[in-house]
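A.B. asks: Got a predicted model here, sequence first, then my questions.
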Amino acid sequence: MSPPQHQQQPPAPTTTVFVGTLIHSTGLATLEIIAPGVLGVDSNGRISFVEKLRHSGESEGDDGVEDERLLRELLTRVGAEGVEIRRLPSHSFLIPGLIDTHVHAPQYAYTGTGYTLPLLDWLTTYTFPSERKFSSLMHAQTIYPKAVARSLRCGTTTAAWYGTLHLPATKVLAETCKSLGQRAFVGKVCMDRNGGEGYVEPSASDSLETTKEFINAVQSLNADTVQPILTPRFAVSCSSELMKGLAQLASQHALRIQTHCSENPAECSFIRDLFPDSRDYVSVYHDHGLLTNRTVLAHCVHLSDAETTLLSETQAGISHCPVSNFALSSGVCNVRRLLDANIKVGLGTDVAGGWSMSVVEAMRSALVASKVVGFTQRDALLALSKIPKSVVEDEGPVLYHDQPHRPLTVPEVFYLATLGGARVLNIAETVGNFIPGKEFDAVIVDLDAPETTTSEIDEARRPVTVFEHDTVTTMFEKWVFLGDDRNVAGVWVKGRRVV
Ligand SMILES: [Zn+2]
């Protein structure tokens, strides 16, 4: 007999236990290192428990023997005797899966090229002609598996993907995410103007109809980790009618929305011409009902104070894409200012505006970008100090901050790459860190990879070199600055191993 509806299901049994160093964020600046840690995963792919094996000073004599005894005791206590135990090798650690909050799958085909042009010229010269090719299903079937596989290989367990205007090709993208096991939000791009030759939808209503079909198609995949996301490319290429229609769909189907905002000065100026009745760029989306707590705005480099206030009030999130901002000369985003304004921020690779599918590359570029913000402010202050005081006073608030800039730290960019991204995509209840009850999306980072013989020449193939004196904290920092996909030793999404 089936149990009555109101009766709570018993907890699922633990099926796998990871033993080793666990590293995750519990907040913006709070990096927690649990070493040695033990993490259980249950048969539904959820984290069943997280424990520290011992506290410093607690163990005497041979740590290995003592740890083994404590592990047996712990497994008995949590009812997990006899389950599969995965022991992390030395110089490795388990982290929550990386979250790419902004990435274009079709653009993977030309990643790493064309960075001499600014955004609007880059779009018409490279992007639109390249995306137009996805009218061919065969082309989509060739490119998309490579793009998603590369993203997973880099340790990205969740991605917010843009497809193209084409319904059949974007369905292929969603199917690919399902078959390769990546947690994904997949969007059919909507644009009914300013798309360039042969790359624009015939009308707003046509775009909306195709979008509805796409939503149904993704939902009928019955994939527990793949969902549709509404994707107006940006306000430059969307009419008011289209944006209003998408806002209606978002509220009808409780869908997330992703778009671009305030990436490049020429784009911002174009927006002012296209929408003279809106106060600013962020308001364009707000005025069309697209600014919700489930909206992700990529870039947001050039925001006014009024715009940051509006984002904070609506709790829309920002995908910070530093690699792309450098590559397309868009500008340098002051992420500290956004965080101080209580805005949700995550990281995006923005391939192919960005040249790398790796969120680790985005993390270190975010650190560099934040330092550049500091230099710019310092230099402006220096210049200001050479101007007579009376003139400075007349100029008023020339600078955003009269306080020294606080550059982002390693723990903070790691937060942006994991829990911050989860908050931006509104999935922090499900993933983002190692809290029991959340789904197990994780990566094993191994600094002793690739495997080598003992020769120093062979060992030099490793992107990271670990020395005897390195602590867990320094190894983690080395990985952020030096690591790459060779250090990704295993990837899990909802408890399923996908790499
Ligand atoms: Zn983009």
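C.D. replies: Sure thing, it's come through.

A.B. asks: For the nearest residue to Lys212 once chain neighbours are set aside, give its distance to Arg336.
C.D. replies: Across the structure, with Cβ to Cβ, 6 or more residues apart in numbering as the measure, the residue nearest Lys212 apart from its sequence neighbours is Leu249 (7.0 Å). Placement of C-beta: from N, CA and C, glycine included. Leu249 sits 35 Å away from Arg336, going by Cβ to Cβ, to the nearest Å.

A.B. asks: same deal with His104?
C.D. replies: Counting by Cβ to Cβ, the gap from His104 to Arg336 is 27 Å.

A.B. asks: What residues does the residue nearest to Lys212 make contact with?
C.D. replies: Contacts of Leu249 were listed using Cβ atoms under 8 Å, 6 or more residues apart in numbering, and they are Leu208, Thr211, Lys212, Ile215, Leu230, Leu255.

A.B. asks: what residues go with each domain of this structure?
C.D. replies: Each domain of the chain is listed here as a residue range: 14-96+433-497, 98-371+402-424, per automatic domain parsing.

A.B. asks: longest helix anywhere in this structure?
C.D. replies: For the chain, the helix with the greatest residue count under DSSP state H is helix 359-385.

A.B. asks: Go through it and flag the buried ones.
C.D. replies: When neighbours are counted by 16 or more other Cβ atoms under 10 Å, the buried residues of helix 359-385 are found to be 359-367, 369-370, 372-374, 377.

A.B. asks: coming back round to it: could you check which of His104 and Arg336 has the larger neighbour count?
C.D. replies: Taking neighbours as other Cβ atoms under 10 Å, His104 and Arg336 compare with His104 leading, 27 against 19.

A.B. asks: Quick one, grab the pLDDT at the more buried one.
C.D. replies: In this prediction, His104 carries a pLDDT score of 98.

A.B. asks: Same check on Lys178?
C.D. replies: At Lys178, the predicted lDDT confidence score is 98.

A.B. asks: What's the separation between it and Phe440?
C.D. replies: Relative to Phe440, Lys178 is positioned 18 Å away (Cβ to Cβ).

A.B. asks: Mind checking which of these two has more residues around it?
C.D. replies: Phe440 (26 against 19).

A.B. asks: Quick one: classify the residue found closest to His288 once you drop the neighbours it is linked to in the chain as helix, strand or coil.
C.D. replies: Once flanking residues are discounted, His288 sits nearest to Met243: 3.8 Å by Cβ to Cβ, 6+ apart. The local conformation at Met243, judged by DSSP: H, G, I helix; E, B strand; the rest coil, is helix.

A.B. asks: quick one: Met243 from Gly112, how far?
C.D. replies: From Met243 to Gly112 the distance is 32 Å (Cβ to Cβ).

A.B. asks: Counting neighbours, go ahead and name the busier of the two.
C.D. replies: Each of Met243 and Gly112 had its neighbours counted (other Cβ under 10 Å), and the higher figure belongs to Met243 (24 against 12).

A.B. asks: That one: what's it in contact with?
C.D. replies: Listed by Cβ under 8 Å, 6+ apart, the contact partners of Met243 are Pro232, Ala235, Tyr285, His288, Gly289, Leu290.

A.B. asks: Beta-bridge partners for the closest residue to Val345 other than its chain neighbours, please?
C.D. replies: The shortest distance from Val345 to any residue other than its chain neighbours is 5.0 Å, reached at Ile318 (Cβ to Cβ, 6+ apart). Beta-bridge pairing of Ile318, defined through DSSP bridges, involves Leu297, Val345.

A.B. asks: returning to what we had before: turn the domains of the chain into a markdown table, including distance to Ser385.
C.D. replies: A markdown table is the format used below for the domains of the chain (distance: least, Cβ to Cβ, whole Å):
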| stretch | distance to Ser385 |
| --- | --- |
| domain 14-96+433-497 | 31 |
| domain 98-371+402-424 | 12 |
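
A.B. asks: Point out the most buried one among the ones you listed.
C.D. replies: Mean neighbour count, computed with mean count of other Cβ atoms under 10 Å, is highest for domain 98-371+402-424 among the domains of the chain, reaching a mean of 21.

A.B. asks: What is the end-to-end distance of it?
C.D. replies: Between the start and the finish of domain 98-371+402-424 there is a gap of 13 Å, counting by Cα to Cα, to the nearest Å.

A.B. asks: quick one: low-confidence parts of the stretch 251-400 of the chain?
C.D. replies: Under the criterion of pLDDT under 70, the regions of the stretch 251-400 of the chain flagged as low confidence span 387-400.

A.B. asks: Now with 90, please.
C.D. replies: Under the criterion pLDDT under 90, the flagged ranges of the stretch 251-400 of the chain are 375-400.

A.B. asks: can you give me the helices in it?
C.D. replies: 265-274, 281-287, 305-314, 322-327, 335-340, 359-385, 389-395 (DSSP state H, counting those that start in this stretch).

A.B. asks: Figure out which of the ones you listed is closest to Val445.
C.D. replies: Between Val445 and the helices of the stretch 251-400 of the chain, the shortest gap by Cβ to Cβ is with helix 359-385, which sits at 9.2 Å.

A.B. asks: mind checking how far that closest one is from the chain centre?
C.D. replies: Centroid displacement of helix 359-385 relative to its chain, using Cα atoms, centre = their mean, to the nearest Å, is 21 Å.

A.B. asks: And that helix, what does it pack against?
C.D. replies: Contact analysis of helix 359-385 by 3 or more Cβ pairs under 8 Å, 6 or more residues apart in numbering; DSSP states H and E lists strand 98-104, helix 322-327, helix 335-340, strand 344-347, helix 410-415, helix 472-482 as its packing neighbours.

A.B. asks: What distance do you get for the closest residue to Val335 other than its chain neighbours to Leu297?
C.D. replies: Excluding the flanking residues, the one nearest Val335 by Cβ to Cβ, 6+ apart is His320, at 5.5 Å. When distance is defined by Cβ to Cβ, His320 is 10 Å away from Leu297.

A.B. asks: Identify the farthest-apart pair in the contacts of Met243.
C.D. replies: The widest separation within the contacts of Met243, taken as Cβ to Cβ, falls between Ala235 and Gly289 and amounts to 12.8 Å.

A.B. asks: isn't Trp161 right next to Gln107, touching?
C.D. replies: No. Counting by Cβ atoms under 8 Å, Trp161 stays clear of Gln107, with 10.6 Å between them.

A.B. asks: Please enumerate the helices of the stretch 51-200 of the chain.
C.D. replies: In order along the chain, the stretch 51-200 of the chain carries the following helices (DSSP H, counting those that start in this stretch): 63-77, 119-122, 128-132, 137-153, 167-180.

A.B. asks: Any idea which of the ones you listed gets closest to Leu22?
C.D. replies: For Leu22, the closest of the helices of the stretch 51-200 of the chain is helix 63-77, at 13.9 Å, according to Cβ to Cβ.

A.B. asks: just to revisit the earlier point, you'd agree the residue nearest to Val345 is up against Val424?
C.D. replies: Yes. Distance between Ile318 and Val424: 7.0 Å, which falls inside the contact criterion (Cβ under 8 Å).

A.B. asks: anything in contact with each of these two?
C.D. replies: With Cβ under 8 Å, 6+ apart applied, the overlap between the contact sets of Ile318 and Val424 consists of Val296, Lys344, Val345, Gly346.
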